[in-house]
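J.: Using only what follows, build the 3D model:
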Amino acid sequence: MPDFRCAAVVLAAGASTRLGHPKQLVRIDGESLLHRTARLALEAGCSPVYVVLGFEAERMTSELAGLPVETVFNSAWQEGMGSSLRAGMQALLRPEPHPQAVLLLVCDQPRLTAQHLRTLLKLQTAVPADGKIAITASFYAQRQGVPAVFSGSLFSELLAASGDRGARDLIRAHAAEVEGIPWPAGELDLDRPEDLTTIER
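T.: Now for the predicted structure:
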């Protein structure tokens with residue numbers, strides 16, 4: 001599918017209350033996780049890339065300087081990740097033509113690589129003509145989750161996200177249409193202060 005075009009939505013609106021300070025601003029080799037996640041989406045070939053912000057949005061925007069991404073402000077970010085997903089999809093669907101798929105990412109996965117994202121995208125382009133595989137997801141911690149690529153057939157369901165109901169609920173609801181890629185590195189996410197020690201090692 002040479003004309004395959006996949007957009008990306010980076011969900012980065014939360015306040016990281018369990019961590020105690022914004023995980024988006026945690027730095028690896030001098031680069032914030034927010035900047036790094038958006039950069040990897042671009043390097044994987046996604047276009048356009050939307051970054052959904054909420055908590056301290058102005059501060060977060062400065063972290064994205066130099067990257068050709070579009071920022072989306074979610075005024076309802078305190079309602080949970082579902083509200084950010086909805087805001088990102090609303091922005092994605094405004095311009096025409098729509099992409100064939102969307103890659104959903106969060107910015108608390110410090111071991112993410114562009115190569116893993118490319119693998120997800122490559123698998124999505126190989127979806128059979130009968131369309132039975134609608135989602136290519138990362139498999140870690142004995143479950144399937146983000147980063148994940150969702151075909152255009154699911155855009156309306158992504159757009160209907162609300163509250164704290166995010167992509168994982170949709171992956172679960174369409175379990176028979178999911179192709180998973182093992183990604184052991186995804187088991188490390190950044191939720192608690194002790195996770196920072198693991199990243200630093």
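J.: Figure out the helix or strand that the spatially most central residue of the chain lives in.
T.: Central residue of the chain (CA atoms, centre = their mean): Leu105, 1.1 Å from the mean position. In the assignment (DSSP states H and E), Leu105 maps to strand 101-106.
J.: For that strand, give the mean pLDDT please.
T.: Averaging pLDDT along strand 101-106 yields 97.
J.: Show me what that strand packs onto, helices and strands only.
T.: strand 6-11, helix 33-43, helix 81-92, helix 114-125, strand 143-151, helix 155-159 (3 or more CB pairs under 8 Å, 6 or more residues apart in numbering; DSSP states H and E). C-beta here means a position set from N, CA and C on the backbone, and glycine is covered the same way.
J.: List the contacts of the second one.
T.: Translated: helix 33-43. For helix 33-43, the surrounding residues in contact (CB atoms under 8 Å, 6 or more residues apart in numbering) are 8, 10, 12, 23-28, 31, 49, 51, 60, 63-64, 67-69, 103, 105-110, 112-114, 117, 190.
J.: ok, of the residues you listed, which come out buried?
T.: Neighbour counting by 16 or more other CB atoms under 10 Å classes 8, 10, 12, 23-26, 49, 51, 60, 63-64, 67, 69, 103, 105-110, 112, 117, 190 among those as buried.
J.: and the residue nearest to the centre of the chain, what is it in contact with?
T.: Ala8, Val9, Val10, Leu11, Thr37, Ala41, Leu112, Leu117, Val146, Pro147.
J.: Skip the chain neighbours and tell me the closest residue to the second one.
T.: Setting aside the residues directly before and after it, Val9 is nearest to Gly88 in space (CB to CB, 6 or more residues apart in numbering), at 3.7 Å.
J.: Report pLDDT for that neighbour.
T.: pLDDT at Gly88 comes out at 97.
J.: Return stretch 153-171 as CSV; C-alpha atoms alone will do.
T.: The C-alpha trace of stretch 153-171 is given here as CSV (Å, rounded to 0.1, in the frame of the first residue of the first chain):
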residue,chain,number,x,y,z
SER,A,153,-12.7,1.8,10.4
LEU,A,154,-12.4,2.5,14.1
PHE,A,155,-12.1,6.3,14.0
SER,A,156,-15.7,6.8,15.0
GLU,A,157,-15.2,4.6,18.1
LEU,A,158,-12.0,6.5,19.0
LEU,A,159,-13.9,9.7,18.6
ALA,A,160,-16.5,8.5,21.1
ALA,A,161,-14.0,8.0,23.9
SER,A,162,-14.8,9.8,27.1
GLY,A,163,-13.7,10.1,30.7
ASP,A,164,-10.9,7.7,31.6
ARG,A,165,-11.8,5.1,29.0
GLY,A,166,-9.0,5.0,26.5
ALA,A,167,-7.5,2.9,23.8
ARG,A,168,-7.1,-0.3,25.9
ASP,A,169,-10.9,-0.6,26.3
LEU,A,170,-11.2,-0.5,22.5
ILE,A,171,-8.4,-3.0,22.0
